[in-house]
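Peer 1: structure, please.
(chains A and B)
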Amino acid sequence: MKDLLISGIQTALRDIGVNDTREIHIEKPADEKFGDASTNIAMVLAKELKKNPRQIAADIVAKLPFRNDAVERTEIAGAGFINFYFSNAFVTNAVQAILEQGESFGRSSVGAGKKALVEYVSANPTGPLTVGRGRGGVLGDTIANLLDAQGYSVTREYYFNNAGRQMRILGDSVKLRYLELCGEKMDFPDDYYQGNYIKDIAQKIFEQFGDSKKEAAAPYFFKEFAEAEIFESIKQTLHRLGIRHDSFFNELELYRRDCDEPSRNDRVIAELDNLGYIERKDGAIWLKTSLLGKKTVNKETKEEVAVDTVLVKSNGEPSYRLPDIAYHITKYERGFDLMVNVFGADHIDEYPDVLRALKALGYDETRVKVAINQFVTTTVNGEVVKMSTRKGNADLLDALIDDVGADATRFFFMMRSKESHLNFDLELAKKQSSDNPVFYLQYAHARICGIVRVAEDTSGFTAKASEYGLLSVLAAKEELELAKTLLRFPEAIEVAAESLEPQKLINYLNDVAAAFHKFYVECRIVGEEERVMKSRLYLSLATRQVLKNGFKILGISAPEKM
RNA sequence: GUGCCCGUAGCUCAGUUGGAUAGAGCAUCAGCCUUCUAAGCUGAGGGUCACUGGUUCGAACCCAGUCGGGCACGCCA
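Peer 2: Here you go, the predicted structure:
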């Protein structure tokens, strides 16, 4: 529809002598009395044509080429808006198309033939997932679903590191707890992992091996045992939320040297060196981000200074930025056209360095999109609970799912814009289980299922494609309003996918549910004259289809009874 | 101090990328079930869109500055 309007306006513009390919903005007016769609093109042109915008609007309208009957009438209003009113026939025909397309309604082919990689969760296996991680996981999973709906071939990836200092501390923490179980009294350092899960893992080892591991002959035994346990629990938690990954990328891959071949990390250094972006100083290897536009301000002098970034520490170990760069290169090599990274606000300073390096190496860095989500503040009875895996008082994602269920958990994480801090009151979420916002949407779906069941039982209704034409009977205000809302679904997905904001899809589905509930209250279905009843049943079925398709993308269930 | 994010109704937040009278949920108040699910619908009250300037036909949205909150600023990841 939008395309039809735009091409029509372009034709009209040509006819009145405005010849350019400017973007024509079409929007849905806030107030229904201003029609179903409107454009501000006349006001945009007013300045350069030096004419009254209303006059320009009149000129355009006079030349609009709509020969078919999709647009019933066109009006000029306000300062020069051109408002379009769709015909009922156009709207009801489009609803028929929803029923015909079924599960594929809303899907698009704009990403067809393109490969997208979405990286999310990517927590190192040092402990159970926290509530904060859950938000990124849910957002990533849904963004992947959105891109899939846009036609992309999507790979979901989890990037992790099972080496390094953090993992050593993990192994040592488990070992200490284990030795305690073996009856040895010892101090447990503050900077070790304090969580109860450490004790649980130690207990498991003790039950399995008794005190036979006391001497810790294999230095990595505790670390590896703990890693396997924790990874399993992370996957289990993700599974409860319907989050899955197609591939797990181990950071160690980037360090591996096969038969004296340089590692991927080595190659990044060598290539950057060739390009003159490497400097060796103080025993470390630096990326000269000073040449790539990185600046900061000196605290004392308040002058802007260019700064460099360490890639390899003086002890010979790469800093995390080097493997990050190498990792991204594997994404390009694997042929991805779009790479989305979902991570928390604490990584906000990291990715610009990576992008700078990629650009310097000749990669198109605009193919990388970063979706930063702000933190989740968890409160209990109004008091903020701070999260820290190390401290062990973390509010665990699993506990949250136990409390409010998977649907509500997913929904809460997505219902706020990802740039906003999410205020998740655990007590409230528990209590709210009956008037939780997710139920507003699901209730609409369940209601439709109820109506259809009654229609089947009382009048032997079964949906038949040959009867879809009865939708043309629809005429009531609430019916048409609902129908028009349903038609916006493909655009809602597109906007949500492009902005990487699942929340925009939720807002749209809220409109659908609201429009349906209003329709339900005003328009009886079962018991009405047959043609009316059926037209309303088909409208309801189309609504159910849109809700169902939307829920699938959001990863929440579509209950038939509530 | 520097960078990013946020500041909109009593509370939690939307606001279609600069449009028409700024919206929803919760909370408060007043209505709607002998008929398909009242987890719903209708209405009322509630606003200096943090503040000050600027840009223009037009600003919650863009620019500059100020105030307040969060996060990050390491040869940790």
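
Peer 1: can we go C-alpha only for contacts and neighbour counts from here?
Peer 2: OK.

Peer 1: any idea how far the most centrally placed residue in chain A lies from A:Gln166?
Peer 2: What sits nearest the mean C-alpha location of chain A, by C-alpha atoms, centre = their mean, is A:Ile143, with 3.1 Å. In this view, A:Ile143 and A:Gln166 are 30 Å apart by C-alpha to C-alpha, to the nearest Å.

Peer 1: with A:Ile401 instead?
Peer 2: For A:Ile401, the distance to A:Gln166 - C-alpha to C-alpha - is 27 Å.

Peer 1: biggest helix in chain A, by residue count?
Peer 2: Longest helix in chain A by number of residues, with DSSP state H as the criterion: helix A:530-554.

Peer 1: quick one: contacts of that one?
Peer 2: Helix A:530-554 is contacted from outside by A:95-96, A:98-99, A:102-103, A:105-106, A:142, A:145-146, A:149, A:410-411, A:441, A:445, A:448, A:452, A:463, A:468, A:470-474, A:479, A:483, A:486, A:489, A:502, A:505, A:509, A:512, A:516, A:524-527, A:557-558, using C-alpha atoms under 8 Å, 6 or more residues apart in numbering.

Peer 1: and for stretch A:486-498?
Peer 2: A:94-95, A:105-108, A:143, A:146-147, A:149-150, A:502-505, A:508, A:512, A:542-543, A:546.

Peer 1: quick revisit: helix, strand or coil for the residue nearest to the centre of chain A?
Peer 2: helix (DSSP: H, G, I helix; E, B strand; the rest coil).

Peer 1: please, which helix or strand holds A:Thr378?
Peer 2: Per DSSP states H and E: A:Thr378 is located in strand A:376-380.

Peer 1: ok, and does that strand reach over to RNA strand B?
Peer 2: No - Strand A:376-380 lies apart from RNA strand B when judged by C-alpha under 7 Å from any atom of the strand; the minimum separation is 8.0 Å.

Peer 1: quick one: residues contacting A:Ile525.
Peer 2: For A:Ile525, the contact set (C-alpha under 8 Å, 6+ apart) comprises A:Val532, A:Met533, A:Lys534, A:Arg536, A:Leu537.

Peer 1: pLDDT score assigned to it?
Peer 2: In this model, A:Ile525 is scored at 95, pLDDT.

Peer 1: how close does it sit to A:His517?
Peer 2: For A:Ile525, the distance to A:His517 (C-alpha to C-alpha) stands at 13 Å.

Peer 1: how many other residues sit next to the closest residue to A:Arg244 other than its chain neighbours?
Peer 2: Once flanking residues are discounted, A:Arg244 sits nearest to A:Leu238: 6.8 Å by C-alpha to C-alpha, 6 or more residues apart in numbering. A:Leu238 has 20 neighbouring residues, counting by other C-alpha atoms under 10 Å.

Peer 1: so A:Leu238 sits against A:Phe231, correct?
Peer 2: No - in this structure, A:Leu238 is not within contact of A:Phe231 by C-alpha atoms under 8 Å, at 10.6 Å.

Peer 1: picking up where we left off before, give me the buried entries from the contacts of helix A:530-554.
Peer 2: Taking 16 or more other C-alpha atoms under 10 Å as the criterion, what is buried in these is A:95-96, A:98-99, A:105-106, A:142, A:145-146, A:149, A:410-411, A:441, A:445, A:448, A:452, A:468, A:470-474, A:479, A:483, A:486, A:489, A:502, A:505, A:509, A:512, A:516, A:525-526, A:558.

Peer 1: from the contacts of stretch A:486-498, which land in helices?
Peer 2: Mapping those onto helices (DSSP H) picks out A:94-95, A:143, A:146-147, A:149, A:502-505, A:508, A:512, A:542-543, A:546.

Peer 1: residue contacts, A:Asn88?
Peer 2: Taking C-alpha under 8 Å, 6+ apart, we find A:Asn88 in contact with A:Ser472, A:Leu474, A:Ala475, A:Leu480.

Peer 1: from RNA strand B, how far off is the residue lying closest to the last one once chain neighbours are set aside?
Peer 2: Nearest-residue entry for A:Leu480: A:Leu474, 6.9 Å, with adjacent residues in sequence omitted and distances by C-alpha to C-alpha, 6+ apart. A:Leu474 sits 15 Å away from RNA strand B when distances are taken as C-alpha to the nearest atom of the strand, to the nearest Å.

Peer 1: check which helix or strand covers the closest residue to A:Pro65 other than its chain neighbours.
Peer 2: What sits nearest to A:Pro65 in space, not counting adjacent residues and going by C-alpha to C-alpha, 6+ apart, is A:Gly8, at 5.9 Å. Using DSSP H and E, the element containing A:Gly8 is helix A:2-15.

Peer 1: and that helix, what does it pack onto?
Peer 2: On a contact count with 3 or more C-alpha pairs under 8 Å, 6 or more residues apart in numbering; DSSP states H and E, helix A:2-15 meets helix A:53-63.

Peer 1: and the helix it packs on, how far out from the chain middle?
Peer 2: Distance of helix A:53-63 from the chain centroid (C-alpha atoms, centre = their mean, to the nearest Å) equals 41 Å.

Peer 1: likewise for stretch A:41-48?
Peer 2: Averaged C-alpha coordinates place stretch A:41-48 at 37 Å from its chain's average position (C-alpha atoms, centre = their mean).

Peer 1: same check on stretch A:155-166?
Peer 2: In terms of C-alpha atoms, centre = their mean, the centre of stretch A:155-166 is set 21 Å apart from its chain centre.

Peer 1: repeat for stretch A:128-145
Peer 2: Taking the mean of its C-alpha atoms, stretch A:128-145 sits 9 Å from the chain's own mean (C-alpha atoms, centre = their mean).

Peer 1: is any part of it close to RNA strand B?
Peer 2: No - shown here: stretch A:128-145 not in contact with RNA strand B (C-alpha under 7 Å from any atom of the strand), separated by at least 11.5 Å.

Peer 1: show me where chain A dips below the pLDDT cut-off.
Peer 2: By pLDDT under 70, the weakly predicted segments of chain A are A:1, A:19-22, A:66-68, A:216-219, A:295-305, A:380-394, A:427, A:431-435.

Peer 1: please tell me I have it right and A:Lys214 contacts A:Arg177.
Peer 2: No - taking contacts as C-alpha under 8 Å, A:Lys214 lies outside contact range of A:Arg177: 11.2 Å.

Peer 1: distance of A:Met533 relative to RNA strand B?
Peer 2: According to C-alpha to the nearest atom of the strand, A:Met533 stands 8 Å off from RNA strand B.

Peer 1: same check on A:Glu350?
Peer 2: 6 Å.

Peer 1: test my guess that the residue nearest to A:Pro65 contacts A:Ile60.
Peer 2: No - using C-alpha under 8 Å, A:Gly8 makes no contact with A:Ile60, being 9.7 Å away.

Peer 1: who's more crowded, the two?
Peer 2: A count of neighbours by other C-alpha under 10 Å puts A:Ile60 above the other of A:Gly8 and A:Ile60, at 23 against 17.

Peer 1: surely the more buried one is in contact with A:Ile16?
Peer 2: Yes - counting by C-alpha under 8 Å, A:Ile60 does reach A:Ile16; the two are 7.2 Å apart.

Peer 1: before we move on, back to that, out of the contacts of helix A:530-554, which sit inside helices?
Peer 2: Those of those lying in helices (DSSP H): A:95-96, A:98-99, A:142, A:145-146, A:149, A:410-411, A:441, A:445, A:448, A:452, A:479, A:483, A:486, A:489, A:502, A:505, A:509, A:512, A:516.

Peer 1: next structured bit after the helix or strand where A:Arg267 lies?
Peer 2: Under the criterion of DSSP H and E, A:Arg267 resides in helix A:264-274. Downstream of helix A:264-274, the next assigned helix or strand under DSSP H and E is strand A:278-281.
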